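1. Dropping the sequence and predicted coords here.
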Amino acid sequence: MSDKDTEQAAGSRESLEQAAMQDEQVQDVHAQLLREKEEPTEGFSPIPILLLFVFGALSFWAGVYFVKYSGEYRWDAYNPNFKAGVKKAPPPQISLFDRGAKVYRAQCAQCHQANGNGIAGVYPPLVASDWVTGHSETLARILINGLNGPIVVKGSTYNGNMPAFGPGGLNLRPVEIAGVLTYIRQEWGNDAPEIDTAMMDTHLAAYSARSTPWQADELRRDLGEDLALKASTESKAAPADTETAVEEEAQAIGSASM
Ligand code: HEC
């Protein structure tokens, strides 16, 4: 062994001792840390049984509270005249006529004008037009498929294009077409029975597939029964039960809210 080797060996022994010292220190620190921590245990800690009872009681109370104070989740629960347990008020209904008035302003007035008089020579009038107040199927046909070619309205001939509003055209909903037809039949002094949504469904089923607009001379061919006329004569013959039922309900609600 050379001198150099001995020197090296002495040096590494020294550094080994130093390392041992450090190990001892580390163990010391670990021991301190361990003392301050809880020993880990196996298993689980159950919810205190009392808490379960408290939650149970709370849920029960909340249930009772809801049943009592929810106002049956009714839409009119914030009405100052609201009384829980009283017969439900019917939801507000907008009449076919009112609905139709809106549709008319949006879809027809730009041509036939708000007053229904049209524009002489271009757009025919709807006021006192027997196309409007006549057979309801004729009118349904015009609206579903449109109209072109010459047509005589109140003695004047028009020759333009009336757009289709059925599924092949501007695609209004049945209730909207029924509404607008009811409107033009009963506004401006026109007086013809309403065309309701069910009638419109019948006509739509018959004419939706047709892809060409009507010509005036075919409009009055092959007509079925006038559904609007039939419904109105039937309701006149037998005074409607439904009307009295609605009245009774309105009274019940009226007296309930006193
Ligand atoms: C783009 C303009 C235009 C719009 C919009 C329009 N029409 Fe017409 N309408 C016409 C024209 C033009 C005629 C005549 C067609 C012809 O000469 O063959 C007509 C004819 C009619 C007729 C038969 C003739 C008469 O005067 O009685 C009725 C009924 C009618 N329209 C109802 C309506 C209704 C209801 C609407 C809305 C849902 C409507 N129209 C929207 C242009 C229009």
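-> Sure, I can see it. Quick caveat: nothing in here was measured; it's all calculated off a predicted structure.
2. which residues touch the helix or strand harbouring Val132?
-> Secondary-structure assignment from DSSP states H and E places Val132 in helix 130-133. If you take C-beta atoms under 8 Å, 6 or more residues apart in numbering as the criterion, helix 130-133 is touched by 126, 138-139, 142, 151, 153, 184-185, 190-192, 219. (Each C-beta comes from the backbone N, C-alpha and C, glycine too.)
3. at 7 Å what do you get?
-> Contacts of helix 130-133 with the rest of the structure, by C-beta atoms under 7 Å, 6 or more residues apart in numbering, involve 126, 138-139, 153, 184-185, 190, 192.
4. cool, stretch 13-22 as well?
-> Applying C-beta under 7 Å, 6+ apart, stretch 13-22 has no contact partners.
5. At the geometric centre of the chain, which residue do we find?
-> Arg173 (13.9 Å; C-alpha atoms, centre = their mean).
6. Contact partners for Leu219?
-> With contacts defined as C-beta under 7 Å, 6+ apart, Leu219 is in contact with 138, 141-142.
7. The ligand contacts on the stretch 151-258 of the chain?
-> The stretch 151-258 of the chain comes close to the ligand at residues 151, 153, 158-163, 165, 180, 184, as judged by C-beta under 6 Å from any ligand atom.
8. Just the buried ones out of those, please.
-> Neighbour counting over these (16 or more other C-beta atoms under 10 Å) leaves 151, 153, 158, 162, 165, 180, 184 as the buried ones.
9. tally of neighbours for Gly100?
-> By the other C-beta atoms under 10 Å criterion, the neighbourhood of Gly100 contains 27 residues.
10. can you pull the contacts of it?
-> Applying C-beta under 7 Å, 6+ apart, one finds that Gly100 lies in contact with 179-183.
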